[in-house]
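Participant: sequence and predicted model, in that order:
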Amino acid sequence: MRATADRTEPVALAAGVHWIGAFDPDLRSFDIILRTANGTSYNAYAVRGAASVAVIDTVKAGFAERFFQRLEAVADYEEISTVVLNHLEPDHSGALPELLRRAPRATLYVSHQARPMLKGLFDPAEFAGRITGVGAGDTVDLGGRRLEFLNTPYLHWPDTQCTWLGDAGILFSGDFLGCHYCDARLFNDAVGDFRFSFDYYYAHIMRPFRAYVGSALDLIEPLPLQVIAPAHGPVLREDPRDYVRRYRALSKGGLHRGGARTLAVFYISAYGATRRMAEAVAAGAEAAAGEGDLRVSLYDIEGSETQPFVDLIEDADALLVGSPTINGDAVKPVWDLLSSLAMIDARGKLGAAFGSYGWSGEAVPMIEDRLRRLKLRVPVPGVRARLAPTPEEFAACHELGHEIALHLLGRAEARVIDMASLA
């Protein structure tokens, strides 16, 4: 069988537990921003108890027929008492309305955060009385076995949760601990090498929420894990804790900085003016630093890959960006760098902008606006210089770096804000 070939039969994970999802080997991009060189899978599961059957997640709408074929091979619709949706995105909920119509006895269980969002998928009135919100520690009894819900929000939507089947040691983890990798051999010890896909998925989906990743891992690590059954990618039955450990390492970041705060100055310069402004900014920041309490770094981003800078910025405390104004805009490498920050949580970091210009000088306020939209704090107005900076403008750059460093170190003087300046 080809690794990407579809299979019609359900796949047993444990006694009474089956994979009933679908494979999408030809998908090459997901949610626009992710590349999927190996396609993906939409994993759904059926769990049989002595009294009834639960279905955990469904599939993308275009793959519903396969999903229902596999479900019908392991259960009758009248047996289904429980439908669990760990996450509402359409790749998990596409077959949900039809499943609820076919299984008239079933109650839908979603997180409390998910309930008000259901109207974006279907008319909840159609299933009035059949939708229940659940939170941490809530359970559903299937007869002789029990599903327990773990509250794991923002992995990667507010609604996300995990579902734990304790008697089999199976964690149905939703998008958490998954990846976009399609291989019909299904299990991690049987499929091809998906390590790149696993790390890539974390970087683009989970990384902005790494604080929530840590909280979820705190819940999961004590569990007696036998299998992790995610919503995408291979089912992790061989050493599932190895993937938990990998997430823990990824969520901690990889840079060592000791106890010092870090301030990074990024710039690109057409004729050297913005470069010299950047050097003045960095010198001003260093002048504010005491012994061992601040590390200042200067980076020219011309011709550079953005990914290493993203890793650095994730652990930095302040970000200062310099760009010339060309054709009424900051230059493309600056926007590439700033757009890549959507991959991380930059909230609360300090930011500032500076740059030279010939005519209109829009780059600095545009960068400041983008920094604010990324939830950075911009406490000091940026500095602009027309063509070659004057000694006074170099002094202003020095003061910009100095002031940001003082804010970072908690030594800045309180300021009275002119509200008119914020308009």
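Facilitator: Alright, I've got the coordinates. Numbering: from 1, shown residues only.
Participant: quick one, what contacts the nearest residue in space to residue 314 that is not next to it in sequence?
Facilitator: Leaving aside its chain neighbours, residue 314 sits nearest to residue 344 (4.4 Å; criterion: C-beta to C-beta, 6 or more residues apart in numbering). C-betas here are computed from N, CA, C, even on glycine. Residue 344 makes contact with 207-208, 210, 310, 313-314 under the criterion C-beta atoms under 8 Å, 6 or more residues apart in numbering.
Participant: so what are the sheet partners of the helix-or-strand element of the chain with minimal mean pLDDT and their directions?
Facilitator: Between all helices and strands in the chain, the lowest mean by mean pLDDT, DSSP states H and E belongs to strand 34-35, at a mean of 84. Sheet neighbours of strand 34-35, with direction, are listed as strand 29-30 (antiparallel) (DSSP bridges).
Participant: give me the distance between the strand it pairs with and the centre of its chain.
Facilitator: The chain centre lies 15 Å from the centre of strand 29-30; the measure is C-alpha atoms, centre = their mean, to the nearest Å.
Participant: list of residues touching that strand?
Facilitator: 35-36, 40, 91, 180.
Participant: ok, so of these, who is nearest residue 395?
Facilitator: Closest approach between the contacts of strand 29-30 and residue 395, by C-beta to C-beta: residue 35, at 46.6 Å.
Participant: so that closest one sits right up against residue 27, yeah?
Facilitator: No: with contact defined as C-beta atoms under 8 Å, residue 35 and residue 27 do not form a contacting pair (10.0 Å).
Participant: just for the chain, where's the confidence low?
Facilitator: Residue ranges of the chain with pLDDT under 70: 1-7, 253-259, 291-292, 414-423.
Participant: the nearest residue to residue 136 once chain neighbours are set aside: how many residues sit nearby?
Facilitator: Excluding the flanking residues, the one nearest residue 136 by C-beta to C-beta, 6+ apart is residue 151, at 3.9 Å. A count of neighbours around residue 151, defined by other C-beta atoms under 10 Å, yields 18.
Participant: beta partners for residue 151?
Facilitator: residue 161.
Participant: now do the residue nearest to residue 350 when sequence neighbours are not counted against residue 69, distance only.
Facilitator: With sequence-adjacent residues excluded and distances taken as C-beta to C-beta, 6+ apart, residue 350 is closest to residue 318, at 4.0 Å. Computed as C-beta to C-beta, to the nearest Å, the residue 318 to residue 69 distance reads 55 Å.
Participant: then residue 153?
Facilitator: In this view, residue 153 and residue 69 are 33 Å apart by C-beta to C-beta.
Participant: who has more neighbours, these two?
Facilitator: Taking neighbours as other C-beta under 10 Å, residue 153 and residue 69 compare with residue 153 leading, 18 against 14.
Participant: which SSE is the more buried one in?
Facilitator: Assigned by DSSP states H and E, residue 153 falls within no helix or strand.
Participant: more neighbours, residue 35 and residue 27?
Facilitator: Per other C-beta under 10 Å, whichever of residue 35 and residue 27 has more neighbours is residue 27, with 19 against 12.
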